[in-house]
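Asker: Give me a 3D structure for the following:
(one chain, ligands or ions: 1)
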Amino acid sequence: MKKIGLYIHIPFCKSKCPYCDFYSMRSDAIGYDDYTACVLESMESWQDKLNVRADTLYFGGGTPSLIGGKNIALIVRRAKALFGVDGEITVECNPSAIEEGFFETVSKAGVNRISLGMQSAVDSERRKLGRTADRDCILECIKEARNAGIENITLDVMLGVPDQTLESLKETVSFCLESGVPHISAYMLKLEEGTYYYNNAEKLNLPDEDLTADMYSFLSEQLTANGFEHYEISNFAKPGYEGKHNLKYWNCEEYLGIGPSAHSFIGGKRFYYPRDIDSFRLGNAPEADGDGGDEEEYIMLRLRLAEGLIFSSYYEKYQKNLPERIIEKARFFEKQGLMKVTDTSIAFTREGFLLSNTIISELIYV
Ligand code: SF4
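Answerer: Modelled structure (predicted):
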């Protein structure tokens, strides 16, 4: 039986970061224990319906660490009992929202991967992003997670944030390398409508697009020179430490998302819970979001990976060859140094990753 990925959305944060449009709130609307009870109930009812196994479990948010080790452990243990989760179990943590003993509690329950929302190793940059933890606090979190037996740690880095320069990014990259963590995710700041940053962009001293692109290239060069593989547009890992849960998204595999704003892809159908905690608490069913997993989507997702689109896998999935016109266009981009074409696959180069959205549209639609 093929195993799915299980995602649990924890929609609570201590305060709202000025650039963020994820669905999150302060816990006044519902207590952490009550929310945990809703998640447990929802997992039970999904398993009754689907009868599936899962091999990854991912707590995202929001700030999952905020609900406390005891609640995370309750959900992990029930997920193991119901879905047989036997692989990667990740919890996103905000370094400023971790209670004493958190890592030990969750490690004992089976959590084996921690994602730390660092964003920058430069304290002044982090403060502008609404993050209160300082550099020492992040180092302490890494140490505590390791002491609890969790070696698989990933740090989030943001590129293109206010006041950031190539020099200040060097400090962040050095911190990442010196910390010895085996995985880094690097995202470019996006101004999302409705956020404080979106409404005040002109006051923010944001690096321009070219500088942000240089930062991306610099980060990629430095990390790959130090044993990381740039395995996905925004992700870098030491061998064997690729994020298994997220690989399911890029491989167009099935996943079940539980919690308000969580998305799912099961049995060829996409569906999601609305951004409404009351609706989730009342046990309302998620909303349909159409069919998923068609050829275009698969091409788009697979090209996010450095490995690219493998012709034989495409054939196996759709019982047909990748259209020749797509390979022809990839050859055109290869001449510009943006793609690699072999007898078995097409893939982006590092420079191509930076233009991936435009190139993918050209490959598929033009
Ligand atoms: S901690 Fe994360 S989810 Fe919460 S407001 Fe900040 S960026 Fe958004």
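Asker: Now tell me what touches the lengthiest helix in the chain from outside.
Answerer: As assigned by DSSP state H, the longest helix anywhere in the chain is helix 32-50. Residues outside helix 32-50 that contact it (C-beta atoms under 8 Å, 6 or more residues apart in numbering) are 6, 8, 10-12, 27, 30, 66-68, 71, 74-75, 78-79, 82-83, 256, 258-259, 266, 277, 280-281, 283. In short, each C-beta sits where N, CA and C put it, glycine included.
Asker: Next, the buried residues of it.
Answerer: For helix 32-50, the neighbour count (16 or more other C-beta atoms under 10 Å) marks 35-36, 38-40, 42-43, 46-47 as buried.
Asker: in the protein, what spans have low per-residue confidence?
Answerer: 29 (pLDDT under 70).
Asker: For it, what lies in contact range of the ligand?
Answerer: 13, 16-17, 20, 22, 24, 61-63, 94, 117 (C-beta under 6 Å from any ligand atom).
Asker: would you turn those residues into JSON lines with secondary structure, distance to Phe103 and neighbour count?
Answerer: Putting the residues of the chain next to the ligand into JSON lines (DSSP: H, G, I helix; E, B strand; the rest coil; distance: C-beta to C-beta, whole Å; neighbours: other C-beta atoms under 10 Å) gives the following:
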{"residue": "Cys13", "secondary structure": "coil", "distance to Phe103": "20", "neighbour count": "20"}
{"residue": "Lys16", "secondary structure": "coil", "distance to Phe103": "26", "neighbour count": "15"}
{"residue": "Cys17", "secondary structure": "coil", "distance to Phe103": "23", "neighbour count": "20"}
{"residue": "Cys20", "secondary structure": "coil", "distance to Phe103": "24", "neighbour count": "16"}
{"residue": "Phe22", "secondary structure": "coil", "distance to Phe103": "23", "neighbour count": "16"}
{"residue": "Ser24", "secondary structure": "coil", "distance to Phe103": "22", "neighbour count": "23"}
{"residue": "Gly61", "secondary structure": "strand", "distance to Phe103": "17", "neighbour count": "25"}
{"residue": "Gly62", "secondary structure": "coil", "distance to Phe103": "19", "neighbour count": "24"}
{"residue": "Thr63", "secondary structure": "coil", "distance to Phe103": "15", "neighbour count": "23"}
{"residue": "Asn94", "secondary structure": "coil", "distance to Phe103": "14", "neighbour count": "22"}
{"residue": "Gly117", "secondary structure": "strand", "distance to Phe103": "15", "neighbour count": "23"}
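Asker: Identify the farthest-apart pair in these.
Answerer: Using C-beta to C-beta, the pair of the residues of the chain next to the ligand lying farthest apart is Lys16 and Gly117, separated by 13.6 Å.
Asker: The chain - how does it break down into domains?
Answerer: 4-250, 307-365 (automatic domain parsing).
Asker: tell me the most buried of the ones you listed?
Answerer: Mean neighbour count (mean count of other C-beta atoms under 10 Å) peaks for domain 4-250 among these, with a mean of 18.
Asker: For that domain, measure first residue to last.
Answerer: For domain 4-250, the first-to-last residue distance is 13 Å (C-alpha to C-alpha, to the nearest Å).
Asker: Same check on stretch 279-287?
Answerer: Separation of the first and last residues of stretch 279-287 by C-alpha to C-alpha is 11 Å.
Asker: Buried ones in that stretch, by neighbour count?
Answerer: Applying 16+ other C-beta under 10 Å to stretch 279-287 flags 280-281, 286 as buried.
Asker: Surely Phe59 and Ala73 touch.
Answerer: No. Using C-beta atoms under 8 Å, Phe59 is not in contact with Ala73, being 11.3 Å away.
Asker: Mind checking what secondary structure the residue positioned nearest the centre of the chain has?
Answerer: With distances taken as C-alpha atoms, centre = their mean, the chain has Asn246 as the residue nearest its mean C-alpha position (6.3 Å). Of the three states, Asn246 takes helix under DSSP: H, G, I helix; E, B strand; the rest coil.
Asker: Same question for Val106.
Answerer: helix.
Asker: Thought Leu74 was touching it, still the case?
Answerer: No. Using C-beta under 8 Å, Val106 is not in contact with Leu74; the gap is 10.5 Å.
Asker: Which helix or strand contains the closest residue to the ligand within the stretch 201-350 of the chain?
Answerer: Nearest to the ligand in the stretch 201-350 of the chain, going by C-beta to the nearest ligand atom, is Ser261, at a distance of 10.7 Å. Assigned by DSSP states H and E, Ser261 falls within no helix or strand.
Asker: Spit out the contact partners of it.
Answerer: By C-beta under 8 Å, 6+ apart, the contact list for Ser261 reads 9, 11, 22-23, 272-275.
Asker: Return the subset of the residues you listed lying in strands.
Answerer: Counted as lying in strands by DSSP state E, out of the contacts of Ser261, are 9, 272.
Asker: Closest to Asp294 out of the contacts of Ser261?
Answerer: Nearest member of the contacts of Ser261 to Asp294, counting by C-beta to C-beta, is Tyr272, at 17.9 Å.
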